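Student: Next one to model:
(one chain, ligands or ions: 2)
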Amino acid sequence: MSPRVPRVLAVAGTDPTGGAGQHADLKSIAAMGGYGMSAVTAVVVQNTLGVRCVHVPPVEFLAAQLDAVAEDVEIDAVKIGMLGSVPVIETVTRWLEDRRPPVVVLDPVMVATSGGRLLEREAEDALRAMLGHADLVTPNLPELAVLAQEEIASSWAEALAQGHRVARAHGTLVLVKGGHLTGDRTPDALVGPDAPKPLVAFDGARVPTENSHGTGCSLSSALATLQARHGDWAHSLRIAREWLRGALERSGDLAVGHGSGPVHHFHHVQDALESWGAAPARFSDELWAASAGVRREIEELDFVRGLGDGRLEPERFLAYLDQDLQYLDGYSRALTLLAARAPDERQRLFFAAGAVSCTETESELHRARLRHAGPGAAGAGPGEVTRRYTSFLLAATAAEPYPVGLAAVLPCFWVYADVGRHLGELAAAAGTGEHPYADWLATYADEGFQEATRTARELLDEAARGASPAVRERMREVFLEACALERDFFAAPVAAVRLAGIDGIE
Ligand SMILES: Nc1ncnc2c1ncn2[C@@H]1O[C@H](COP(=O)(O)OP(=O)(O)OP(=O)(O)O)[C@@H](O)[C@H]1O
Ligand SMILES: Cc1ncc(COP(=O)(O)O)c(N)n1
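Tutor: Ligands and ions are numbered 1, 2, ... in the order given. All right, here's what the predicted structure looks like:
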């Protein structure tokens, strides 16, 4: 018996926000390729912030649910979660004695992550008494201590020894979980009744997230499903851990609740959906569509046409370079401000690296060209548009909410990349002869720049998902204002005065 789609029953309490209890179980069973079913032990009023109250329906009702499933469906595995009280434990124990499925995983739920009690204290003895019915018990460290009737283990070695004592006392496997250890590691080990040495142990770096609501429920039901599928606990644990790690890492995509949020059970399915063309609507797409008019105006500017077909007067190009160099000074300061305010390391590194690249690489490219053009090529100072654009960027990145600052800097990546694509088309249409700005146009197509544009866009979408409607509206305003400033910036060199002392350009 090893069905491709194991039929797995979760006997557990509820969580109306869907992150823990039988809701997490059903998602985890499906995520591991099983068919999930559930019998309710307790109706729990809770959310990501805490447990408000618990209603336990009459146990006859639970017994009837269990029988209804068992009389109709061949159950390959059962995962038992919150039981709550002695009568519920006795009801489930009787059912197991009668109709035990081939795989039984017991997660001895006692206290929610948020602090609410989910097992009456006087039911602890009854819960201990049913451990022998399980193939695998999956306590967290405080639960393990209650099962062992000892103090909470303060080290991993102590936890393993405690796990072995529980396994030996009840003749079952114990999964000792390190989620509650202090420190940056989260080891897990399977301990059997015969020897203190773990049968298998895994270690890994703790995922830096607050979203650990329901990890215990999710792991135990995933294990029940995988075990029904191929019958090897060590292999099941390896797969379940890898999946749960992804679910923790991608939990930020969900934006559910204000407390300890749920994990993303279907993070792997999200990728499949996108490969089928079901990409979610992106806020950046909305902004891009709204900026279509301004982008058309940019494409029609004399400066842009001339740069594309090569007919742009050299002094205009140099006037543009001169202003762009001064603009880059302000832009790199704005990126530095964003880096300082970034909510995580990845974003901080991205903007800090952008600021360095503006200051070192790009500015030096501009300076080299201006130097080559002769001593008079550098202008007097920032023009009116340059001043307006850089002041706008500094104000948005320093004083507005972080997502708004992101919306202000994005057009410089994205509109610039798009103008580059258009310039490439114009250059191709102008013919294969020597193009005076060919090397400059090549910088737009640089893969590193295209990649940075994609990342900046993803960061904006991520920030928009967690933003309030008012902040999203402000992001839209600021994005459109930055697009209009891009347009004014490209228009300015046409109006610029001829720079003295130009012999040629590079
Ligand atoms: N931040 C994290 N990074 C990586 N793994 C984690 C993290 N938090 C929990 N885990 C893993 O999640 C699983 C459940 O861990 P934990 O010990 O927290 O159980 P639990 O307390 O029963 O869970 P619950 O939060 O549902 O009550 C374990 O495999 C643990 O290693
Ligand atoms: C119905 C139910 N079962 C289990 C948990 C434990 O999960 P967590 O400790 O992550 O809150 C819960 N909160 N609710």
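
Student: burial of the residue of the stretch 301-450 of the chain found nearest ligand 2, as a residue count?
Tutor: Using Cβ to the nearest ligand atom, the closest approach of the stretch 301-450 of the chain to ligand 2 is made by residue 344 at 22.8 Å. Heads up, the C-betas are built off the backbone N, CA and C, glycines and all. By other Cβ atoms under 10 Å, 11 other residues sit near residue 344.

Student: list the contacts for it?
Tutor: Shown in contact with residue 344 (Cβ atoms under 8 Å, 6 or more residues apart in numbering): no residues.

Student: Now do it against residue 169, distance only.
Tutor: Computed as Cβ to Cβ, to the nearest Å, the residue 344 to residue 169 distance reads 44 Å.

Student: So residue 260 sits against residue 214, correct?
Tutor: No: in terms of Cβ atoms under 8 Å, residue 260 does not count as a neighbour of residue 214; the distance is 9.0 Å.

Student: More neighbours: those two, which one.
Tutor: Shown here are residue 260 and residue 214; by other Cβ under 10 Å, residue 214 has more neighbours (30 against 21).

Student: Quick check: phi and psi on the more buried one?
Tutor: phi 80, psi 10 (degrees, to the nearest 10).

Student: Repeat that for residue 185.
Tutor: phi -110, psi 150.

Student: What of the one 5 residues further on?
Tutor: Comment: the main-chain dihedrals of residue 190 come out as phi -100, psi 120, following degrees, to the nearest 10.

Student: Nearest residue to it in space, please, no chain neighbours.
Tutor: Setting aside the residues directly before and after it, residue 190 is nearest to residue 199 in space (Cβ to Cβ, 6 or more residues apart in numbering), at 4.6 Å.

Student: Show the model's pLDDT score for that neighbour.
Tutor: Residue 199 is assigned 96 on the pLDDT scale.

Student: Look through the stretch 201-350 of the chain and state the residue closest to ligand 1.
Tutor: For the stretch 201-350 of the chain, Cβ to the nearest ligand atom, closest residue to ligand 1: residue 216, 2.2 Å.

Student: tell me the domain boundaries of the protein?
Tutor: Residue ranges for the domains of the chain, per the TED database: 7-277, 283-496.

Student: ranking these by burial, who's on top?
Tutor: When you average the neighbours per residue for each of the domains of the chain (mean count of other Cβ atoms under 10 Å), domain 7-277 leads with a mean of 20.

Student: is it anywhere near ligand 2?
Tutor: Yes: Domain 7-277 lies within reach of ligand 2 by Cβ under 6 Å from any ligand atom, at 12-15, 20-21, 44, 46, 81-82, 109, 112-114, 118, 213-214, 216-217.

Student: Show me those that map onto helices.
Tutor: 21, 216-217 (DSSP state H).

Student: other SSEs contacting the helix or strand of the chain with the lowest mean pLDDT?
Tutor: When the helices and strands of the chain are compared on mean pLDDT, DSSP states H and E, helix 363-373 comes out lowest with a mean of 73. When contacts are defined as 3 or more Cβ pairs under 8 Å, 6 or more residues apart in numbering; DSSP states H and E, helix 363-373 packs onto helix 314-341.

Student: Repeat the analysis, applying 10 Å as the threshold.
Tutor: If you count contacts as 3 or more Cβ pairs under 10 Å, 6 or more residues apart in numbering; DSSP states H and E, helix 363-373 packs onto helix 314-341, helix 438-444.

Student: Measure how far the first one is from the centre of its chain, please.
Tutor: Counting by Cα atoms, centre = their mean, to the nearest Å, helix 314-341 is centred 32 Å from the centre of its parent chain.

Student: ditto for stretch 135-150
Tutor: That offset, for stretch 135-150, works out to 31 Å (Cα atoms, centre = their mean).

Student: Skipping adjacent residues, who's closest to the closest residue to ligand 2 within the stretch 401-506 of the chain in space?
Tutor: Across the stretch 401-506 of the chain, the shortest distance to ligand 2 (Cβ to the nearest ligand atom) belongs to residue 466, at 21.3 Å. Nearest non-adjacent residue to residue 466, counting by Cβ to Cβ, 6+ apart: residue 255, 5.5 Å away.

Student: circling back: pretty sure the residue of the stretch 201-350 of the chain closest to ligand 1 is in contact with residue 137, am I right?
Tutor: No: with contact defined as Cβ atoms under 10 Å, residue 216 does not count as touching residue 137 (11.6 Å).

Student: quick one: common contacting residues for the two?
Tutor: Residues touching both residue 216 and residue 137 (Cβ atoms under 10 Å, 6 or more residues apart in numbering) are 107-108, 143, 175.

Student: So which of those sit within helices?
Tutor: Those of the shared contacts of residue 216 and residue 137 lying in helices (DSSP H): residue 143.

Student: Let me have the shared contacts of residue 216 and residue 137 in JSON lines, extended by pLDDT.
Tutor: Listed next are the shared contacts of residue 216 and residue 137 as JSON lines, based on pLDDT from 0 to 100:
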{"residue": "107", "pLDDT": "98"}
{"residue": "108", "pLDDT": "98"}
{"residue": "143", "pLDDT": "96"}
{"residue": "175", "pLDDT": "98"}
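
Student: so can I have a markdown table of the shared contacts of residue 216 and residue 137 showing distance to residue 33?
Tutor: Formatted as a markdown table, the shared contacts of residue 216 and residue 137 follow (distance: Cβ to Cβ, whole Å):
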| residue | distance to residue 33 |
| --- | --- |
| 107 | 20 |
| 108 | 26 |
| 143 | 28 |
| 175 | 20 |
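
Student: out of everything not next to it in sequence, what's closest to residue 10?
Tutor: Among residues not flanking residue 10 along the chain, residue 25 sits closest, at 3.5 Å (Cβ to Cβ, 6+ apart).

Student: Contacts only, for residue 236.
Tutor: Residue 236 makes contact with 32, 103, 105, 136, 190, 222-230 under the criterion Cβ under 10 Å, 6+ apart.

Student: cutoff 8 Å now
Tutor: Contacts of residue 236 by Cβ under 8 Å, 6+ apart are 222-223, 226-227, 229-230.

Student: what two of these are the furthest from one another?
Tutor: Greatest spatial distance in those: 222 and 230, 13.1 Å, computed using Cβ to Cβ.

Student: thinking residue 456 is in contact with residue 413, fair?
Tutor: Yes: counting by Cβ under 8 Å, residue 456 sits close enough to residue 413 to count as a contact (4.7 Å).

Student: Report the secondary structure state of the residue nearest to residue 10.
Tutor: helix (DSSP: H, G, I helix; E, B strand; the rest coil).
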